[in-house]
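Chemist: no sequence on this one, just coordinates:
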């Protein structure tokens, strides 16, 4: 089993041009202004890292936001089976990819693409079924719920700015 770091693996795949290059989602080093910007939680950074790995190893399946396609039902099992056969990927990266799959398929951008009749894809990007009306309805409900929670959170934040708690 290889103990190559992710950076080395991404360089091998041609996704990183220099050893000091940061991932696309990393922020530049700048002074932290704790009052205006909160630091990303560790779980979010880990999930985004895992999604970048998924995009690197399975580019035909996992794509950028504008190109997302619904994935095959049961893709988590396919992913775990595939990763179990690979000795060139470190165990922590394998686990990260499997756990980040949930972050990917629960994103608003993903739910937006899960519409009735849309083609699902497998790890190789091949057609693997279609989205049923029930799945499309469920996805739309999830998206609306997330948007509503975000809106409620923003409204609560705005109220706290106007009326500071005593």
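Modeler: It's in. Since the structure is predicted, the reported quantities are computational estimates derived from the model, not experimental observations. Numbers count the residues shown, from 1 in each chain.
Chemist: only C-alpha atoms from now on, for both contacts and neighbour counts.
Modeler: Noted.
Chemist: in the chain, which helix is the longest?
Modeler: Determined from DSSP state H, the single longest helix within the chain is helix 133-162.
Chemist: report the distance from that helix to the chain centre.
Modeler: 19 Å (C-alpha atoms, centre = their mean, to the nearest Å).
Chemist: ok, and what's touching the helix or strand residue 101 falls within?
Modeler: Element membership of residue 101, judged by DSSP states H and E, is helix 91-105. Around helix 91-105, the neighbours that count as contacts under C-alpha atoms under 8 Å, 6 or more residues apart in numbering are 6, 46-51, 53-54, 76, 79-80, 83, 110-111.
Chemist: nearest to residue 67 among these?
Modeler: Within the contacts of helix 91-105, proximity to residue 67 (C-alpha to C-alpha) peaks at residue 110, which comes in at 9.5 Å.
Chemist: what's near enough to touch the closest one?
Modeler: Here residue 110 is in contact with 65, 68-70, 104 (C-alpha under 8 Å, 6+ apart).
Chemist: flag the least confident of those residues.
Modeler: Ranked by pLDDT, the contacts of residue 110 bottom out at residue 65 (86).
Chemist: pull the number of nearby residues for that residue.
Modeler: Neighbour count of residue 65, defined by other C-alpha atoms under 10 Å: 13.
Chemist: just the pLDDT for the nearest residue to it once chain neighbours are set aside.
Modeler: Spatial nearest neighbour of residue 65, chain neighbours left out: residue 109 (6.2 Å); criterion: C-alpha to C-alpha, 6 or more residues apart in numbering. We have a pLDDT of 90 for residue 109.
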